[in-house]
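Peer 1: have a look at this prediction, sequence included:
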Amino acid sequence: MFRFLVLPLAGLVVAGCAQPPMRAPAVPPSVPVIREASLQPGCLLPSPEVIDAAAAGSVELLVEVSPTGAPVKATVVRSTGQAERDRAFQQAATACNFNPASSYTPATGERKTIDGKYTLAFAWTARQQFIGTSRCFPPDYPEAARRVEEEAEVQVYFRRPTPEAPFEFRVTSSRPARLLTQASLAATERCLAHPEVQAGVLAGPWYLAPFSWRLE
């Protein structure tokens, strides 16, 4: 979240005329640069029966991630309102795959993975249907795409011609966005790799997995 300092108009004008723009202080080379843990695509949600979308809801978990990327513990930060459903989300979170947090020290060039934490949040709407990629937690914004400020609306269409055939994919994007297109396709493929997800997809028709990538 960004915080803004509100100044009186007169003071703001004087300061703007008398002082050069402020620059963020450089990070000392001896101070480690920390990259937080991130969620890998294809993280399966609890079963739709457990979520029960008769009404809208949400949940927020704090997941402790080991240096190997394994989830160690999931703590409920914001409850769904039902203890059983909370436990189902905790179990789902500890079955996910994560990229571990890392530390890089510019002065020494040392880079290592470390213990980290990840905030896993999810919200659903009333009467939401959990079919195809909606059976998985939304993927993280790709770090590489964030660095180059890549944004796009990506649509991944998928279908299984026959029950035994592999999935077919078609991808469209609102603008050229190679990194986000790749991330959307990877998230779709990872989610569809779960047998539980495949069981809910009928053979024949095309399904749509929409991804809205917007930087805040």
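Peer 2: On my side now, so go ahead.

Peer 1: which residues are contacting stretch 74-86?
Peer 2: With CB atoms under 8 Å, 6 or more residues apart in numbering as the test, stretch 74-86 has contacts from 46, 50-52, 57-64, 89-90, 93-94, 119-121. (C-beta placed from N, C-alpha, C; glycine too.)

Peer 1: repeat that for 10 Å
Peer 2: 46, 50-52, 55, 57-64, 87-96, 117-124 (CB atoms under 10 Å, 6 or more residues apart in numbering).

Peer 1: type out the PyMOL command that picks the buried ones from those.
Peer 2: Selecting in PyMOL just the buried members of the contacts of stretch 74-86, where the criterion is 16 or more other CB atoms under 10 Å, is done with this command:
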select buried, resi 46+50+51+57+59+60+61+62+63+64+88+89+90+92+93+96+118+120+122+124
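
Peer 1: taking the contacts of stretch 74-86 one by one, which sit in helices?
Peer 2: When DSSP state H is applied, the contacts of stretch 74-86 are split such that 50-51, 87-93 fall in helices.

Peer 1: could the residues you listed be laid out in a markdown table, adding pLDDT and distance to residue 38?
Peer 2: Converted to a markdown table, the ones in helices among the contacts of stretch 74-86 look like this (pLDDT from 0 to 100; distance: CB to CB, whole Å):
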| residue | pLDDT | distance to residue 38 |
| --- | --- | --- |
| 50 | 94 | 25 |
| 51 | 95 | 24 |
| 87 | 98 | 24 |
| 88 | 98 | 23 |
| 89 | 98 | 19 |
| 90 | 98 | 19 |
| 91 | 98 | 20 |
| 92 | 98 | 17 |
| 93 | 98 | 14 |
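
Peer 1: save those residues as CSV, and put in distance to residue 158 too.
Peer 2: Converted to CSV, these look like this (distance: CB to CB, whole Å):
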residue, distance to residue 158
50, 25
51, 22
87, 31
88, 26
89, 26
90, 29
91, 27
92, 22
93, 25
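
Peer 1: restricting to C-alpha, output the host helix or strand of residue 180 in CSV.
Peer 2: When elements are assigned from DSSP states H and E, residue 180 belongs to helix 178-192. As requested, C-alpha coordinates have been extracted for helix 178-192 and formatted as CSV (Å, rounded to 0.1, in the frame of the first residue of the first chain):
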residue,chain,number,x,y,z
ARG,A,178,4.8,-12.5,-24.0
LEU,A,179,5.6,-13.1,-20.3
LEU,A,180,2.0,-12.8,-19.2
THR,A,181,0.8,-15.1,-22.0
GLN,A,182,3.3,-17.7,-20.9
ALA,A,183,2.3,-17.4,-17.3
SER,A,184,-1.4,-17.7,-18.1
LEU,A,185,-0.9,-20.8,-20.2
ALA,A,186,1.4,-22.4,-17.5
ALA,A,187,-1.2,-21.6,-14.8
THR,A,188,-3.9,-23.3,-16.9
GLU,A,189,-1.8,-26.4,-17.6
ARG,A,190,-0.8,-26.8,-14.0
CYS,A,191,-4.3,-26.6,-12.7
LEU,A,192,-5.6,-29.0,-15.3
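
Peer 1: helix or strand right after it?
Peer 2: Counting by DSSP H and E, the element that comes right after helix 178-192 along the chain is helix 195-199.
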